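Participant: Need a 3D model of the following:
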Amino acid sequence: MSRRRGCCALCWKIEFPNSRYHGGLKNKLTLYLQLIRWDRPAGWLLLLWPTLSALWVAAHGFPGWHLIAVFTLGTILMRSAGCCLNDVADRDFDRHVKRTAQRPVTRGAVSVKEALLLGAVLALLAFGLVLTTNMAATSWSFAALAIALIYPYAKRFVSMPQAVLGVAFSFGIPMAFAAVQSRVPTLAWLLLLGNLFWVIAYDTEYAMVDRDDDLKIGMKTSAITLGRFDVAAVLASYLIYLSIWAWALKDIAQAAIYFIAIGVALAQAVWHGWLIRKRERDGCFKAFRLNHWLGFTLFAGIALSYALVGR
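Facilitator: Predicted coordinates:
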């Protein structure tokens, strides 16, 4: 270590040679947290609530702390890994979009190699969690990974890439059933179909925020494809989602509780329609960010429905 004079001859400051290293490490960690959107939990909550809902339905009630921990941590890890891959795939596009121009990979603060390595580590950790369940869930995890890898590139070729994202963001549902029942029944696929329309609804709201920039760079999104029918399509997607889930779970333990939750979720969907009616950036982004409360509402209705049976 070295010493240097402080504010006076009697004041000395000790400087450690590795202080610069620790500062660099802290900065790098901050960049990695930005990369995986750690400060924006809405993304993984949108994945978590339908997954937990499926766990409760598959188990006909509380599924146990082990499965809750596996799927909660797995959801966070896979969403984070997806952010790494998505930012690498979109780095040349993101620099032309106001909202994404300062992302770590886009501005060069994190290299492509670093981002891919971090994403791979996170995905492997998630896979390790799945290995603690059963063979059925482990097998389906490969399909989930394949869809997650496809989505970032779907925006170049598919007019409605939100549909691809819908499958990716809904795949926790069949995996939850597989982990509980060692099979994926028709009910799981029906819930996945309904959830797909919810993803289309909220990700179209998200795409409406960037529509002007996406038009300039030739990106394909549902907001562009739907044109002036975007608001109507969002509301229709909400309605289809809630209708499918209402019908699929009509025989749930306490149907009255569940249908109250459906009604509250429907009211939220109408509010979101009001927020996006003028297609303004702030309103569309606010509607998107609030969607996790809609998902939580259905989960709460399902969990409460089963909880009241045991009393």
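Participant: Let me know how buried residue 93 is, in neighbour terms.
Facilitator: The tally of other residues near residue 93 (other CB atoms under 10 Å) stands at 18. In short, each C-beta sits where N, CA and C put it, glycine included.
Participant: let me fix that: residue 40
Facilitator: 12.
Participant: any idea how far it is from residue 297?
Facilitator: Per CB to CB, to the nearest Å, residue 40 is found 20 Å from residue 297.
Participant: ok, residue 198 - contacts?
Facilitator: 50, 166, 237-238, 241, 291, 294-295 (CB atoms under 8 Å, 6 or more residues apart in numbering).
Participant: ok, then the element right after the host helix or strand of residue 148?
Facilitator: Under the criterion of DSSP states H and E, residue 148 resides in helix 135-154. Later in the chain than helix 135-154, the nearest helix or strand by DSSP H and E is helix 161-170.
Participant: can you give me how far that following helix is from the chain middle?
Facilitator: 10 Å (CA atoms, centre = their mean, to the nearest Å).
Participant: quick one on the thing from earlier: could you dump the contacts of residue 198 into JSON lines and include pLDDT?
Facilitator: Output for those, formatted as JSON lines (pLDDT from 0 to 100):
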{"residue": "50", "pLDDT": "98"}
{"residue": "166", "pLDDT": "92"}
{"residue": "237", "pLDDT": "97"}
{"residue": "238", "pLDDT": "98"}
{"residue": "241", "pLDDT": "98"}
{"residue": "291", "pLDDT": "97"}
{"residue": "294", "pLDDT": "97"}
{"residue": "295", "pLDDT": "97"}
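Participant: and which of those residues is nearest residue 172?
Facilitator: Within these, the smallest distance to residue 172 is 6.6 Å, found for residue 50 (CB to CB).
Participant: does that closest one really touch residue 172, like I thought?
Facilitator: Yes - between residue 50 and residue 172 a contact is recorded at 6.6 Å, counting by CB atoms under 8 Å.
Participant: ok, for residue 277, nearest residue in space, not its chain neighbours?
Facilitator: residue 231 (6.1 Å; CB to CB, 6 or more residues apart in numbering).
Participant: Surely the one you found touches residue 274?
Facilitator: No - counting by CB under 8 Å, residue 231 stays clear of residue 274, with 9.9 Å between them.
Participant: Same drill for the two, tell me which one is more crowded.
Facilitator: residue 231 (20 against 11).
Participant: Doesn't that one belong to a helix?
Facilitator: Yes - counting by DSSP: H, G, I helix; E, B strand; the rest coil, residue 231 falls inside a helix.
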